[in-house]
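Colleague: Got a predicted structure plus its sequence, pasted below:
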There are 2 protein chains.
Amino acid sequence: MENSSGQKKFATIKDYILSQVETAAWPEHSRIPSENELATQFSVSRMTARRALQELTEQGVLYRTQGVGSFVASPKSQSSLLEIRNIADEIQHRGHFHKAELVQLTSLPCPGVVATALGLSRNAPVFFSLIVHYENQQPLQLEARYVNPQQVPDYLAQDFVLQTPHEYLSAVAPLTDAEHIVEAVLPDELTRQHLKIPASEPCLRLTRRTFSRGGAVSFAYLTSAGSRYRLGGHLSIKPKT
Amino acid sequence: MENSSGQKKFATIKDYILSQVETAAWPEHSRIPSENELATQFSVSRMTARRALQELTEQGVLYRTQGVGSFVASPKSQSSLLEIRNIADEIQHRGHFHKAELVQLTSLPCPGVVATALGLSRNAPVFFSLIVHYENQQPLQLEARYVNPQQVPDYLAQDFVLQTPHEYLSAVAPLTDAEHIVEAVLPDELTRQHLKIPASEPCLRLTRRTFSRGGAVSFAYLTSAGSRYRLGGHLSIKPKT
DNA sequence: CCGAACAACTTGTATATACAACTAAATTCA
DNA sequence: TGAATTTAGTTGTATATACAAGTTGTTCGG
């Protein structure tokens, strides 16, 4: 099943193609050998050659069009990805104790920014929750969240000490998309108080907008003390588009 | 080739499995029918059933172990991904003008932190570059980068005004992995000067470690003024692990 | 000259088959 | 009892084949 080099056959073909792409022997958007040509060249079946092409397509190295051929994708806009996990998972993953304190849970007239984000009318009623997340009794993150009442009518009836808004929303309106903005800001008075930090301490603010099948679901500001929180992770590279 | 519902057969099986998983009829980590069982149940070949399982595994819905079976992955740790693009691309994508100013380019004894990150000995020679990135003549980001001399011996001979380190490194040592940490910090004196910001302005600091086939390539601090820079993006959701 | 039909080639889906690699449980044997 | 072996079941790799579906260029007919 393996060839002389101890590799799987489809892997050999993948390596070959990758080397051609990386050395730019096969330039961007150029057509590469067809399944049948590769099969002949490497003395394998078409299905095996196909698998190599298939996997490289999933990895974003190639793109293919039925009836036309396989082409080299543009490796230009290679971008890395940063994983964003929810705070409760992260704390528990570190083996620490997570606690949520509910400060406010109410309906209020929708501010302009939020109206735009959620596709509501200005001053239309919107649900709002303010929660402080603790890691081992130390305040870590302030979560200010606006929720679309049309999508999640029972939001105000939940107990967010037992279940985080993220968990509840995931269950009620499985999210299909999310938008994030990460910024460094100085804390406002409210944040200062709840996180118990000095006014000069920089904070990491994650602005997060989530969508479900039906449209925009929630809009949240997740603010953490810079000295206590970092956003981090490890991810492999994916060339895109 | 298609069944009565006008769907591809492997898609029918995927939908079936997904429905079982979503309704929790098949709970987390439970074993699901084998390839052969699904093949019989849906009157398709094993290869077709296999494809359904395969694709769901790639999507993170299932995990499989050779010799054991296929299992439902935990949808819990659903995490979103934030795209991190390099600064020059981002500026140009906004239609603005990018300029790089080289402050320093030298070899120096490796600091402890960097030695650990790059797998070098402490005080062993390491290449270092300090570059200010401008957007429309305004300083936006300070890039302090340490480079592994074994991986990139010609680093010091480059002209980083013409080509950013990121571009050069991508060409010389195609990166296979990257690690990121995002933090909110107050600027040190050096950063303050080069970005021309007050000491009280919070900064977004991206610590980035990149790897190529041969191992760790570079370790960089990318610091930007909070008022001028945000990390943002839109990405669809992927369940993981 | 133009359009329709055709031919050649591409990728996409599906089947049937074989064997390899691996795991876990049952069985055998000392 | 306990360790080695067998066995049954699972996923993984690979092949050969067939036809569907889509694209592109050529040929043919008007």
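Modeller: Sure thing, it's come through.

Colleague: near DNA strand C, which residues of chain A show up?
Modeller: Contacts of chain A with DNA strand C, taken as Cβ under 7 Å from any atom of the strand, map to A:1-2, A:34-37, A:47, A:50, A:53-54, A:64-70. Every C-beta, even on glycine, is put in place using the N, C-alpha and C of the backbone.

Colleague: same thing but at 10 Å, please
Modeller: Contact residues, chain A versus DNA strand C (Cβ under 10 Å from any atom of the strand): A:1-2, A:6, A:8, A:31-39, A:45-47, A:49-51, A:53-54, A:57, A:62-71.

Colleague: The closest residue to DNA strand C within chain A - how many residues pack around it?
Modeller: With distances taken as Cβ to the nearest atom of the strand, chain A approaches DNA strand C most closely at residue A:34, which sits 3.3 Å away. Other residues within reach of residue A:34 by the criterion other Cβ atoms under 10 Å in any protein chain shown amount to 15.

Colleague: correct me, but it touches residue A:70?
Modeller: Yes: with the criterion set as Cβ atoms under 8 Å, residue A:34 and residue A:70 qualify as a contacting pair; they are 7.1 Å apart.

Colleague: about what we covered before: now do the contacts for the residue of chain A closest to DNA strand C.
Modeller: With contacts defined as Cβ atoms under 8 Å, 6 or more residues apart in numbering or on different chains, the neighbours of residue A:34 are A:69, A:70.

Colleague: Give me the residue ranges of chain A where confidence is low.
Modeller: Low-confidence segments of chain A, defined by pLDDT under 70, span residues A:1-2, A:4-5, A:75-83, A:233-241.

Colleague: what ranges do the helices span in chain A?
Modeller: Residue ranges of the helices in chain A, as given by DSSP state H, are A:9-22, A:35-42, A:46-58, A:87-93, A:112-118, A:165-172, A:189-195.

Colleague: List the buried residues of the fifth one.
Modeller: To tie it back to what came earlier, the one meant is helix A:112-118. Of all the residues in helix A:112-118, those buried under the rule 16 or more other Cβ atoms under 10 Å in any protein chain shown are A:114, A:115, A:117, A:118.

Colleague: Now distance to residue A:217 too, for these, in TSV please.
Modeller: Below are the buried residues of helix A:112-118 laid out as TSV (distance: Cβ to Cβ, whole Å):
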residue	distance to residue A:217
A:114	12
A:115	15
A:117	11
A:118	8
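
Colleague: Among those, pick out the one closest to residue B:108, please.
Modeller: The shortest approach to residue B:108 among the buried residues of helix A:112-118 belongs to residue A:117, at 46.8 Å (Cβ to Cβ).

Colleague: so what's the residue nearest to that closest one when sequence neighbours are not counted bridging to?
Modeller: By the measure of Cβ to Cβ, 6 or more residues apart in numbering or on different chains, the closest residue to residue A:117 outside its immediate chain neighbours is residue A:219, 4.4 Å from it. Applying DSSP bridges to residue A:219 yields these beta-bridge partners: residue A:146, residue A:209.

Colleague: follow-up on the earlier one: can you list the helices of chain A in JSON lines and add distance to residue A:156?
Modeller: Conversion of these to JSON lines gives the following (distance: least, Cβ to Cβ, whole Å):
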{"stretch": "helix A:9-22", "distance to residue A:156": "53"}
{"stretch": "helix A:35-42", "distance to residue A:156": "57"}
{"stretch": "helix A:46-58", "distance to residue A:156": "43"}
{"stretch": "helix A:87-93", "distance to residue A:156": "20"}
{"stretch": "helix A:112-118", "distance to residue A:156": "16"}
{"stretch": "helix A:165-172", "distance to residue A:156": "11"}
{"stretch": "helix A:189-195", "distance to residue A:156": "20"}
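
Colleague: Can you say which of those helices is nearest to residue B:89?
Modeller: When these are ranked by proximity to residue B:89, the top entry is helix A:9-22, at 19.5 Å, counting by Cβ to Cβ.

Colleague: relative to helix A:35-42, how tilted is that closest one?
Modeller: Interaxial angle of helix A:9-22 relative to helix A:35-42 (axes from the mean of the first three to the mean of the last three Cα atoms, to 10 degrees): 100 degrees.

Colleague: which residues touch the closest residue to residue A:227 other than its chain neighbours?
Modeller: Nearest residue to residue A:227 in three dimensions, chain neighbours excluded: residue A:201, at 6.3 Å (Cβ to Cβ, 6+ apart). Neighbouring residues of residue A:201 by Cβ under 8 Å, 6+ apart: A:186, A:187, A:225, A:226, A:227.

Colleague: In PyMOL, how would I select the buried members of the residues you listed?
Modeller: Restricted to the buried members of the contacts of residue A:201, where burial is judged by 16+ other Cβ under 10 Å, the PyMOL selection command reads as follows:
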select buried, chain A and resi 186+187+225+226
